[in-house]
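[1] Following is a predicted model, sequence given first.
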Amino acid sequence: MSLKRSHTSARSGSGSGLDSGAKLGRQEFFDELKSLAQSGQVFTPVDVSMAIGASEAAVSRALLGLSAEGYLEKVDVGKYRSTPFQEVPQAEFLKALARASKTDSTRQRDLSEIGRLKQNNDVMRAKLLAMIAERDHYLAILKQHGIDPGPPPAPALIVAAPVTDPAAGVATGAADEPSAPSTSTSG
(Lines give C-alpha, C1' and ligand atoms only; values in the text may rest on other atoms or scores of the structure.)
Protein backbone atom coordinates (compact mmCIF):
# COMPACT_ATOMS: atom_id res chain seq x y z
CA MET A 1 0.00 0.00 0.00
CA SER A 2 1.40 3.35 -0.98
CA LEU A 3 0.94 6.39 1.19
CA LYS A 4 0.83 9.91 -0.13
CA ARG A 5 3.86 11.79 1.14
CA SER A 6 3.73 15.48 1.91
CA HIS A 7 6.68 17.81 1.66
CA THR A 8 5.95 20.07 4.62
CA SER A 9 9.55 21.03 5.27
CA ALA A 10 9.62 23.18 2.13
CA ARG A 11 6.64 25.26 3.21
CA SER A 12 6.96 25.21 6.98
CA GLY A 13 8.44 28.69 6.97
CA SER A 14 5.26 30.40 5.75
CA GLY A 15 3.47 32.46 8.36
CA SER A 16 -0.09 31.40 7.53
CA GLY A 17 -0.69 30.04 11.04
CA LEU A 18 -2.80 26.89 11.12
CA ASP A 19 -2.16 25.74 7.57
CA SER A 20 1.63 26.01 7.65
CA GLY A 21 2.86 22.45 7.76
CA ALA A 22 -0.61 21.18 8.68
CA LYS A 23 -0.18 18.11 6.50
CA LEU A 24 1.74 15.37 8.12
CA GLY A 25 3.81 12.84 6.22
CA ARG A 26 1.87 9.76 7.27
CA GLN A 27 4.50 7.25 6.16
CA GLU A 28 7.34 9.10 7.91
CA PHE A 29 5.16 9.54 10.99
CA PHE A 30 4.27 5.83 11.03
CA ASP A 31 7.92 4.79 10.58
CA GLU A 32 9.11 7.15 13.32
CA LEU A 33 6.49 5.88 15.79
CA LYS A 34 7.44 2.28 14.97
CA SER A 35 11.14 2.97 15.61
CA LEU A 36 10.31 4.79 18.85
CA ALA A 37 8.12 1.85 19.90
CA GLN A 38 10.99 -0.56 19.36
CA SER A 39 13.41 1.55 21.39
CA GLY A 40 10.81 2.16 24.13
CA GLN A 41 12.07 5.68 24.79
CA VAL A 42 9.97 8.64 25.90
CA PHE A 43 9.61 11.37 23.28
CA THR A 44 8.02 14.76 22.73
CA PRO A 45 6.24 16.26 19.71
CA VAL A 46 9.38 18.31 19.04
CA ASP A 47 11.48 15.13 18.76
CA VAL A 48 9.10 13.64 16.20
CA SER A 49 8.66 16.86 14.24
CA MET A 50 12.44 17.28 13.97
CA ALA A 51 12.83 13.67 12.83
CA ILE A 52 10.16 13.75 10.11
CA GLY A 53 10.28 17.43 9.10
CA ALA A 54 6.68 18.29 9.97
CA SER A 55 5.33 21.16 12.02
CA GLU A 56 5.33 20.71 15.77
CA ALA A 57 1.68 21.75 16.02
CA ALA A 58 0.53 19.07 13.56
CA VAL A 59 2.62 16.40 15.28
CA SER A 60 1.38 17.49 18.69
CA ARG A 61 -2.28 17.28 17.61
CA ALA A 62 -1.71 13.87 16.04
CA LEU A 63 0.10 12.52 19.10
CA LEU A 64 -2.61 13.81 21.42
CA GLY A 65 -5.30 12.21 19.27
CA LEU A 66 -3.43 8.91 19.01
CA SER A 67 -2.94 8.83 22.78
CA ALA A 68 -6.66 9.47 23.24
CA GLU A 69 -7.33 6.54 20.88
CA GLY A 70 -5.03 4.35 23.01
CA TYR A 71 -2.24 3.88 20.47
CA LEU A 72 0.28 5.86 22.53
CA GLU A 73 0.93 6.10 26.24
CA LYS A 74 0.94 9.64 27.61
CA VAL A 75 3.71 9.62 30.21
CA ASP A 76 3.57 13.27 31.25
CA VAL A 77 2.48 16.61 29.82
CA GLY A 78 3.86 16.66 26.29
CA LYS A 79 5.74 13.36 26.70
CA TYR A 80 4.72 10.08 25.12
CA ARG A 81 5.82 6.47 24.85
CA SER A 82 4.79 4.42 21.83
CA THR A 83 5.16 0.90 23.24
CA PRO A 84 1.45 0.09 22.59
CA PHE A 85 2.18 0.98 18.96
CA GLN A 86 4.49 -2.01 18.25
CA GLU A 87 1.78 -4.33 16.95
CA VAL A 88 -0.34 -1.76 15.07
CA PRO A 89 -0.66 -2.49 11.34
CA GLN A 90 -0.33 0.39 8.92
CA ALA A 91 -3.98 0.30 7.79
CA GLU A 92 -5.21 0.52 11.38
CA PHE A 93 -2.78 3.40 12.01
CA LEU A 94 -4.18 5.34 9.05
CA LYS A 95 -7.75 4.91 10.32
CA ALA A 96 -6.73 5.97 13.83
CA LEU A 97 -4.84 8.97 12.48
CA ALA A 98 -7.90 10.03 10.47
CA ARG A 99 -10.11 9.74 13.57
CA ALA A 100 -7.53 11.59 15.68
CA SER A 101 -7.28 14.44 13.20
CA LYS A 102 -11.07 14.89 13.18
CA THR A 103 -11.24 15.20 16.97
CA ASP A 104 -11.74 18.83 17.96
CA SER A 105 -9.75 20.51 20.70
CA THR A 106 -12.65 20.43 23.18
CA ARG A 107 -13.00 16.68 22.75
CA GLN A 108 -9.25 16.19 23.09
CA ARG A 109 -9.24 18.28 26.26
CA ASP A 110 -12.14 16.19 27.60
CA LEU A 111 -10.35 12.95 26.74
CA SER A 112 -7.22 14.25 28.42
CA GLU A 113 -9.24 15.14 31.52
CA ILE A 114 -10.85 11.69 31.51
CA GLY A 115 -7.41 10.12 31.33
CA ARG A 116 -6.20 12.27 34.22
CA LEU A 117 -9.24 11.31 36.30
CA LYS A 118 -8.74 7.62 35.53
CA GLN A 119 -5.11 7.90 36.58
CA ASN A 120 -6.17 9.66 39.80
CA ASN A 121 -8.73 6.91 40.39
CA ASP A 122 -6.01 4.28 40.00
CA VAL A 123 -3.78 6.11 42.49
CA MET A 124 -6.59 6.40 45.03
CA ARG A 125 -7.52 2.73 44.56
CA ALA A 126 -3.90 1.74 45.20
CA LYS A 127 -3.81 3.86 48.37
CA LEU A 128 -7.08 2.34 49.57
CA LEU A 129 -5.82 -1.20 48.94
CA ALA A 130 -2.60 -0.39 50.82
CA MET A 131 -4.60 0.91 53.81
CA ILE A 132 -6.82 -2.18 53.79
CA ALA A 133 -3.75 -4.42 53.72
CA GLU A 134 -2.22 -2.46 56.61
CA ARG A 135 -5.45 -2.76 58.61
CA ASP A 136 -5.61 -6.50 57.97
CA HIS A 137 -1.99 -6.83 59.03
CA TYR A 138 -2.58 -5.10 62.37
CA LEU A 139 -5.80 -7.02 62.99
CA ALA A 140 -3.94 -10.29 62.40
CA ILE A 141 -1.22 -9.27 64.87
CA LEU A 142 -3.83 -8.39 67.50
CA LYS A 143 -5.61 -11.71 67.02
CA GLN A 144 -2.29 -13.57 67.07
CA HIS A 145 -1.59 -12.18 70.54
CA GLY A 146 -5.11 -12.97 71.74
CA ILE A 147 -6.31 -9.38 71.77
CA ASP A 148 -9.88 -8.78 70.70
CA PRO A 149 -9.90 -5.74 68.41
CA GLY A 150 -13.56 -5.12 69.23
CA PRO A 151 -16.33 -4.28 66.82
CA PRO A 152 -15.55 -2.22 63.77
CA PRO A 153 -16.22 1.47 64.27
CA ALA A 154 -19.56 2.84 63.18
CA PRO A 155 -19.55 5.05 60.12
CA ALA A 156 -19.40 8.76 60.80
CA LEU A 157 -22.74 10.49 61.05
CA ILE A 158 -23.37 13.29 58.63
CA VAL A 159 -25.01 16.27 60.28
CA ALA A 160 -27.43 17.94 57.91
CA ALA A 161 -28.10 21.64 57.95
CA PRO A 162 -31.60 22.72 58.95
CA VAL A 163 -34.03 22.66 56.05
CA THR A 164 -36.83 25.17 55.97
CA ASP A 165 -40.19 23.80 54.94
CA PRO A 166 -41.72 26.62 52.90
CA ALA A 167 -45.26 25.29 53.40
CA ALA A 168 -45.06 25.22 57.20
CA GLY A 169 -42.72 28.19 57.50
CA VAL A 170 -40.58 26.42 60.09
CA ALA A 171 -37.13 24.94 60.10
CA THR A 172 -36.82 21.18 60.47
CA GLY A 173 -33.85 18.96 61.18
CA ALA A 174 -31.18 20.26 63.56
CA ALA A 175 -33.48 23.00 64.85
CA ASP A 176 -35.80 20.35 66.38
CA GLU A 177 -33.07 19.13 68.71
CA PRO A 178 -32.91 20.62 72.18
CA SER A 179 -30.42 23.41 72.48
CA ALA A 180 -27.67 23.50 75.03
CA PRO A 181 -28.33 25.65 78.08
CA SER A 182 -26.90 29.09 77.84
CA THR A 183 -24.02 29.93 80.12
CA SER A 184 -24.41 33.60 80.63
CA THR A 185 -22.89 35.18 83.68
CA SER A 186 -24.65 38.03 85.28
CA GLY A 187 -23.17 39.84 88.13
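    That came through fine.

[2] only C-alpha atoms for contact and neighbour calcs from this point on.
    Will do.

[3] Quick check: which ranges of the protein have low pLDDT?
    Scanning the chain for pLDDT under 70 picks out 1-23, 103-105, 161-187.

[4] Pop the domain breakdown of it in here.
    Here the domain parsing of the chain from automatic domain parsing is 20-103, 104-148.

[5] want to throw those into CSV with distance to residue 158 and mean neighbour count?
    Below are those laid out as CSV (distance: least, CA to CA, whole Å; neighbours: other CA atoms under 10 Å):
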stretch, distance to residue 158, mean neighbour count
domain 20-103, 38, 18
domain 104-148, 22, 12
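
[6] Turn those domains into TSV, including distance to residue 154.
    As requested, the domains of the chain are exported to TSV (distance: least, CA to CA, whole Å):
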stretch	distance to residue 154
domain 20-103	41
domain 104-148	16
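
[7] Can you tell me the element the residue nearest to residue 68 when sequence neighbours are not counted falls in?
    Spatially, and ignoring its direct neighbours in sequence, residue 68 is nearest to residue 111 (6.2 Å; CA to CA, 6 or more residues apart in numbering). Per DSSP states H and E: residue 111 is located in helix 105-144.

[8] that older thread, just so I know, which of the domains of the chain lies nearest residue 156?
    domain 104-148 (17.9 Å; CA to CA).

[9] elements contacting the host helix or strand of residue 92?
    Here residue 92, judged by DSSP H and E, is contained in helix 90-102. In terms of contacts (3 or more CA pairs under 8 Å, 6 or more residues apart in numbering; DSSP states H and E), helix 90-102 is packed against helix 26-39, helix 56-69.
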